[in-house]
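Q: Predicted model, plus sequence, below.
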Amino acid sequence: MSVTVDGEAMNTTEMSNVGDVIDRLTGENRMITQLLIDGVEPNLDDQAALRTRPIDGGEIYIESASPAVVASEVLEAAILRLDEAEREAATAADLVQQTDATPGVARLSQAFSRWSEAQHAVGQVLGLLNLDPAAFQLPATMDELAAHLREMKQAVEREDYVTLADVLQYDLPGTLGTWRGNVEALRGAVAA
């Protein structure tokens with residue numbers, strides 16, 4: 001079986017199965033981003049069968065990347081989501097103050113989606129690289145954000161749009177700035 005990794009033939013002497021190929025790549029700090037065997041994506045749910053599959057006969061095609069590069073790209077996207085969320089929250093504050101609160105609450109919903117996407121991305125990077133969130137002050141920032149979110153939820157439930165606007169305009173921006181700084185520090189550490 002020929003094994004091609006990132007467009008180059010891999011020397012497979014002393015290898016007998018797909019698991020040996022995967023182990024060599026992970027040992028070289030490479031993350032597999034695509035795997036094709038005879039032009040077909042294998043069933044990744046059955047890792048045991050995949051890893052023990054012999055490499056004689058057929059073709060294996062692999063694309064790989066540095067986990068740090070992938071993590072850096074994911075964190076850059078997370079920072080963009082945080083920027084979008086901050087703009088949505090500012091717009092929501094303006095709408096809540098100026099008009100009927102319904103359009104403002106709708107914009108706030110969009111901000112929530114962006115925050116959730118960013119938080120999920122950061123969690124994936126921390127897991128991928130086995131990093132401690134506390135090293136980047138993320139738990140404290142997330143606790144502070146959660147407190148603001150609870151306060152906003154209660155304000156919406158009470159139809160207290162003055163409090164909602166105040167949290168959006170005065171309390172939330174500092175927390176979001178801290179969160180963005182935490183993510184930038186994480187991205188810097190990953191890139192180093």
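A: Alright, I've got the coordinates.
Q: before we move on, what SS does Gln34 have?
A: strand (DSSP: H, G, I helix; E, B strand; the rest coil).
Q: Share the number of residues neighbouring it, please.
A: Gln34: 10 surrounding residues under other Cβ atoms under 10 Å. C-beta coordinates here come from the backbone N, C-alpha and C atoms, glycine included.
Q: How about Glu88?
A: 21.
Q: Give me the phi and psi for it.
A: Per-residue torsions, Glu88: phi -60, psi -40 (degrees, to the nearest 10).
Q: how close does the nearest residue to it once chain neighbours are set aside get to Ala101?
A: In this structure, Glu88 finds its nearest non-sequential neighbour in Ala111, 3.8 Å apart by Cβ to Cβ, 6 or more residues apart in numbering. According to Cβ to Cβ, to the nearest Å, Ala111 stands 15 Å off from Ala101.
Q: tell me how far the host helix or strand of the residue nearest to Glu88 is from the chain's mean position?
A: Assigned by DSSP states H and E, Ala111 falls within helix 101-129. Counting by Cα atoms, centre = their mean, to the nearest Å, helix 101-129 is centred 11 Å from the centre of its parent chain.
Q: swap in stretch 27-43?
A: 21 Å.
Q: cool, and stretch 26-39?
A: Worked out by Cα atoms, centre = their mean, stretch 26-39 lies 20 Å from the chain centre.
Q: now do stretch 26-44
A: For stretch 26-44, the distance to the chain centre is 21 Å (Cα atoms, centre = their mean).
Q: Can you give me the distance of the spatially most distant residue from the centre of the chain to Thr4?
A: Distance from the C-alpha centroid of the chain, by Cα atoms, centre = their mean, peaks at Gly57 (37.6 Å). Distance, Gly57 to Thr4, by Cβ to Cβ: 15 Å.
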